[in-house]
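**Student:** Got a predicted model here, sequence first, then my questions.
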Amino acid sequence: RLRKWQERIRTKDAGERNLQFALSEIDRMASALGVPRSVREVASVIYRRALNEDLIRGRSIEGVSTAALYAACRQEGIPRSLDEVADVSRVPQKEIGRTYRYISQELGLELKPVDPKQFVPRFASALQLSEEVQSKATEIIDVSAEQGLLSGKSPTGFAAAAIYAASLLCNEKKTQREVADVAQVTEVTIRNRYQEQIEAMGFR
Amino acid sequence: MTNPADSIEIQNVVASTGIGQELDLEALAEDLPGADFNPDNFPGLVYRTQEPKAAALIFRSGKIVCTGAKSIDDVHDALGIIFEKLRGLQIPVEDDPEITVQNIVSSADLGHNLNLNALAIGLGLEDVEYEPEQFPGLVYRMDEPEVVILLFGSGKIVITGGKRTDDAEEAVEEIVERIEGLGLLG
DNA sequence: GCTTTAAAAAGTAATTT
DNA sequence: AAATTACTTTCCAAAGC
């Protein structure tokens, strides 16, 4: 009995220490990503829920912390791409994605697919593009998504192409390389999505 | 109107069997031309048949996994070839080893483009995985038949996880019905 | 969990020409 | 800039770490 009691204390202590570590990691990554404090709190809640549901077993604390933060950004409507999150995490992108899918399923987060429009303000301001370009890019996304062009396409690539197209239309041209760099996609992807979107808009 | 069920093509069949005899894989690797055996990587010996084209994983216990065949008949033919090869090496093989189909992978075409975003919500986010940042297909876990379906924007689909040929057929009929019910099929 | 094998779907990415 | 190769996802069995 005594041994079991000691074991319980030990695991509880370990759990507390691990929780502290997880929360400090979430804080560190959130700072590096520049997400608001509210998102960190949502991420903390998700992590605690995962802990209570015993979802950490067989997974790294780092992985679950990162996945919780990724999920929190999406839940709050200011998504970061897996690439961006992986850049500030110690676990590889593949594991973050797999862990996110697992906790999302188990906790029943039921997050809708990422809307490319949610990347527009952040990418556009990183490129120092005007409000006009942003609303044009948003319009391009709406129109081309309505025509069924979004299915299966990466939301970052879709947003990047729309921003590139909008920058041309508003005479604030950015090169494909510049847009590709902030969105972390290749120029080839931007070119492919751009062609389809221009067509959908009835230009060219 | 072509029936999507008629477009079903079996792409891969996975099956398991056993010869009821322990094997010395080191020796077998020497005697079987074209055999790949790297015990440091994987405990099974890999042997490929040309006609029908398939790959077999042969284990020390005598159990065998066959994969890559395009039909259940091909699985039996490929394993039959392997059984004969082993007998030719003076290895006793049971008369009719039981062959169990473990998984059938099929592809099909629904004939219409799909709005995967709407489909993810319509089918129910709890049964769906759709992460286009990671993979372009929507993953749908169906209860009856118990299979997993990958749906793509083109309307092409992949059905996997079933053990019977009928599973794919039933799955296609069921998914078409569900998508139509949601008003999301062309 | 991982390791290996096979196959399709379509998007993305890294190389090669 | 186009072509090729390769990797992402799903499924399953096998023996062993």
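**Tutor:** Received, thanks.
**Student:** so where's chain A uncertain?
**Tutor:** Along chain A, the parts satisfying pLDDT under 70 run over A:1-15.
**Student:** who in it is up against DNA strand C?
**Tutor:** Counting by C-beta under 7 Å from any atom of the strand, the residues of chain A lying close to DNA strand C are A:58, A:98, A:151-154, A:157-158, A:184-186, A:188-189, A:192-193. Where you see a C-beta, it was placed from the backbone N, CA and C, and this is true even at glycine.
**Student:** Show me where chain A has its helices.
**Tutor:** Assignment of helices within chain A using DSSP state H yields the ranges A:2-33, A:37-52, A:61-75, A:82-88, A:93-106, A:120-126, A:131-146, A:155-169, A:176-183, A:187-201.
**Student:** Mind putting the ones you listed into TSV with mean neighbour count?
**Tutor:** Below are these laid out as TSV (neighbours: other C-beta atoms under 10 Å in any protein chain shown):
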stretch	mean neighbour count
helix A:2-33	13
helix A:37-52	18
helix A:61-75	25
helix A:82-88	19
helix A:93-106	19
helix A:120-126	19
helix A:131-146	19
helix A:155-169	26
helix A:176-183	19
helix A:187-201	17
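**Student:** Now the spatially most central residue of chain A, what are its backbone angles?
**Tutor:** What sits nearest the mean C-alpha location of chain A, by C-alpha atoms, centre = their mean, is A:Arg80, with 2.6 Å. With angles defined as degrees, to the nearest 10, A:Arg80 sits at phi -110, psi 150.
**Student:** contacting residues for it?
**Tutor:** A:Leu33, A:Val35, A:Tyr70, A:Cys73 (C-beta atoms under 8 Å, 6 or more residues apart in numbering or on different chains).
**Student:** and which of these is nearest to chain B?
**Tutor:** A:Tyr70 (10.3 Å; C-beta to the nearest C-beta).
**Student:** from memory the closest one sits against A:Ile103, does it?
**Tutor:** No - the pair A:Tyr70 / A:Ile103 is not scored as a contact, 9.7 Å apart, by C-beta atoms under 8 Å.
**Student:** Outside of stretch A:33-43 itself, list whatever touches it.
**Tutor:** By C-beta under 8 Å, 6+ apart, stretch A:33-43 touches A:26-27, A:30, A:65, A:68-69, A:71-73, A:75-76, A:78, A:80, A:84-85, A:88.
**Student:** wait, doesn't A:Ile103 sit right on A:Leu51?
**Tutor:** No - the criterion here is C-beta under 8 Å, and A:Ile103 misses it with A:Leu51 at 10.5 Å.
**Student:** Out of the contacts of A:Arg80, which comes closest to A:Ile141?
**Tutor:** A:Cys73 (18.9 Å; C-beta to C-beta).
**Student:** Hmm, that closest one is touching A:Pro79, no?
**Tutor:** Yes - counting by C-beta under 8 Å, A:Cys73 does reach A:Pro79; the two are 5.1 Å apart.
**Student:** quick one: low-confidence ranges for chain B?
**Tutor:** B:1.
**Student:** Residue numbers of it in contact with DNA strand C?
**Tutor:** So far as C-beta under 7 Å from any atom of the strand goes, chain B lies against DNA strand C at B:11-12, B:14, B:36, B:41-44, B:46, B:48, B:53-55, B:57, B:65, B:67-68, B:103, B:105, B:107, B:135-137, B:150, B:152-154, B:156, B:158, B:160.
**Student:** Output whichever strand or helix holds B:Ser106 in CSV, but only the C-alpha positions, please.
**Tutor:** In the assignment (DSSP states H and E), B:Ser106 maps to strand B:100-109. Output of strand B:100-109 as CSV, limited to C-alpha atoms (Å, rounded to 0.1, in the frame of the first residue of the first chain):
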residue,chain,number,x,y,z
THR,B,100,-6.3,-15.4,-45.4
VAL,B,101,-7.0,-12.1,-47.2
GLN,B,102,-6.2,-9.3,-44.8
ASN,B,103,-6.8,-6.2,-46.8
ILE,B,104,-8.0,-5.1,-50.2
VAL,B,105,-7.1,-1.7,-51.7
SER,B,106,-9.4,-0.5,-54.5
SER,B,107,-9.8,2.7,-56.5
ALA,B,108,-13.0,4.1,-58.0
ASP,B,109,-14.4,7.2,-59.7
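**Student:** Before I go, just wanted to say thanks for your time.
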